[in-house]
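S.K.: sequence first, predicted model second:
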Amino acid sequence: MKKTGKTPLSKACYLVAILVPAWASAENNDPLRLGAGVSWMSDSNLFRADSSTPDAVRSDRATSAFALLSAETTLSRQRLYADLNVGSVKFSKSSYLDYDTQDLSAGWSGEFPLRLRSGIDWKRSQTLASFADLGTPRRNLVRRDSLNGNFDLPFAGDWHLIAAGGGSQSRNSNAIDAVSDVDANSFEAGFRYATSYGNQFDVVLHSAHTRYPERSLNALFDTQYREQLADFRVQWAASGASRLVGHAGYLRRRNQNLDYRNFSGASFRLVHIWQASGSLGLNTTIYRDMGAAGDNEFDAVVSKGLRFEPGWELSSKTRLGAALEWAQRDYLGNVQEILFGAGAAGEARRDQTRSARLFVSYAPSRWASLSASWCGAKRESNRALRNYLDHSGTVNVQLLF
């Protein structure tokens, strides 16, 4: 199942604040790690309410605490690992939204005779669904599980045969959102050209089958669909200071029964990584994704965007960073269009979002870190009651033992 689910910056700000501790990016070769941390967040528009309805705009604060256990071992040419990160989020005003977080993973990877490399990994996550576009704000926890495997077999010089496959499911805790429960499986195969300099080029055919077990077929919702993606993937170091990473392909979705919800088109995400000096860097991302509009899969969208992420390492302990993003979402087979008709001049729904993030992190030692960030997002839509303005700030403290 393909989501535009590369998270927009405005939502990523919230997830970073609650779920992603600063230690995650730190290098650490210890076979066993223990950690804990606390985050404080303030949000000016928690429910992403429309700016023209001030009574619906509610600010709130949240405190989250987490604990982690990470283990890794290598046996000959086999690697085993497991990561467990659990926590709890408490809101100051909207206490009915309080929830427990989960971020669990385990896996194995190894190398066999004939240079065959293979691996398998399992992941589980649980977090609060986005409030954007919900008519009535409600508590809905989304739990996602996935199990995937892959292999890579060299067969002629720098050429490799590659394949991957797996399954996933998504479950919603709120009965209203159960129609968005998902079961999916996928398989892909193709060829890879990998050079001795670390450059890598893949040509892959990907196929996925997605089902909604709690849906009944009607004029608005289908019960399953299939997707095919022909994809070119690249990891290319143009120079010591410049790299290009990403994919570009053509995606085709066909629903089981409702043809008007079918779509196809280009799908790509390319990231240029430029290290101007030892302390200055800039990542530039351009993308066009096609897939589910959000956590509650009532609509599909085409998302197009451009993101700039500069970073500056002031010292070995202090880092500054920023992110600026412009994104546009064009809705496909929109349920609201069918129920209430198109907007002015028959236009389909289109949203444009501008967002920014600033952050600073300080790690006085390998076992302690402190970070703070500010995020701002503004969405403008050609649909009534879909505009919003939001600002949020976070402070994180983490300890790693």
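M.R.: That came through, no problem. Not measured: the values here are computed from a predicted model. Residues are numbered from 1 along each chain as shown.
S.K.: Provide a list of residues in contact with residue 359.
M.R.: Residue 359 makes contacts with 320-322, 371-374, as judged by Cβ atoms under 8 Å, 6 or more residues apart in numbering. For the C-beta atoms, the positions are set from N, CA and C on the backbone; glycine is no exception.
S.K.: how much space separates it from residue 312?
M.R.: 11 Å (Cβ to Cβ, to the nearest Å).
S.K.: which neighbours do those two share?
M.R.: With Cβ under 8 Å, 6+ apart, residue 359 and residue 312 have common neighbours 320-321.
S.K.: so which of the contacts of residue 359 is the most crowded?
M.R.: Highest neighbour count within the contacts of residue 359: residue 371, with 23 neighbours (other Cβ atoms under 10 Å).
S.K.: any idea how many residues pack against residue 302?
M.R.: Residue 302: 20 neighbours (other Cβ under 10 Å).
S.K.: which SSE is it in?
M.R.: Secondary structure assignment for residue 302, by DSSP states H and E: strand 300-313.
S.K.: for that strand, packing partners?
M.R.: strand 263-275, strand 280-292, strand 318-332 (3 or more Cβ pairs under 8 Å, 6 or more residues apart in numbering; DSSP states H and E).
S.K.: that one vs strand 280-292, what angle?
M.R.: 170 degrees (axes from the mean of the first three to the mean of the last three Cα atoms, to 10 degrees).
S.K.: now strand 300-313: average pLDDT?
M.R.: On average, the pLDDT along strand 300-313 is 96.
S.K.: also stretch 191-204?
M.R.: Here the average pLDDT along stretch 191-204 is 95.
S.K.: what residues does that stretch touch?
M.R.: Under Cβ under 8 Å, 6+ apart, the answer for stretch 191-204 is 152, 158-162, 188-190, 229-237.
S.K.: export that stretch as PDB, just CAs?
M.R.: Only the C-alpha atoms of stretch 191-204 are listed here, as PDB (Å, rounded to 0.1, in the frame of the first residue of the first chain):
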ATOM      1  CA  PHE A 191      18.000  -5.700 -11.000                       C
ATOM      2  CA  ARG A 192      20.700  -3.700  -9.300                       C
ATOM      3  CA  TYR A 193      23.900  -2.300 -10.600                       C
ATOM      4  CA  ALA A 194      26.300  -1.600  -7.700                       C
ATOM      5  CA  THR A 195      29.700  -0.100  -8.200                       C
ATOM      6  CA  SER A 196      32.800  -0.400  -6.100                       C
ATOM      7  CA  TYR A 197      32.500   3.300  -5.200                       C
ATOM      8  CA  GLY A 198      29.200   2.700  -3.400                       C
ATOM      9  CA  ASN A 199      26.900   3.900  -6.200                       C
ATOM     10  CA  GLN A 200      23.700   1.900  -6.700                       C
ATOM     11  CA  PHE A 201      21.000   1.900  -9.400                       C
ATOM     12  CA  ASP A 202      17.900  -0.300  -9.300                       C
ATOM     13  CA  VAL A 203      15.200  -1.100 -11.800                       C
ATOM     14  CA  VAL A 204      12.200  -2.700  -9.900                       C
END
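S.K.: any weak-confidence spans in the protein?
M.R.: Under the criterion pLDDT under 70, the flagged ranges of the chain are 1-29, 294-298, 333-346.
S.K.: one more pass at 80, please.
M.R.: Regions of the chain meeting the criterion pLDDT under 80 cover residues 1-30, 51, 54-56, 133-135, 292-299, 333-347.
S.K.: burial check on residue 243, number of neighbours?
M.R.: 19.
S.K.: how about the helices in the protein?
M.R.: Ranges of helices in the chain, per DSSP state H, are 9-19, 335-340.
S.K.: ok, back up a step: need the buried ones from the contacts of stretch 191-204 selected in PyMOL.
M.R.: To isolate the buried subset of those in PyMOL, counting by 16 or more other Cβ atoms under 10 Å, use the following:
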select buried, resi 152+160+162+188+190+229+231+233+237
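S.K.: which of the contacts of stretch 191-204 fall in strands?
M.R.: 152, 159-162, 188-190, 229-237 (DSSP state E).
S.K.: what sits closest to residue 152 if chain neighbours are left out?
M.R.: Closest residue in space to residue 152, ignoring its immediate chain neighbours: residue 117 at 4.5 Å, by Cβ to Cβ, 6 or more residues apart in numbering.
S.K.: likewise residue 66?
M.R.: That would be residue 87: by Cβ to Cβ, 6+ apart, it lies 3.2 Å from residue 66.
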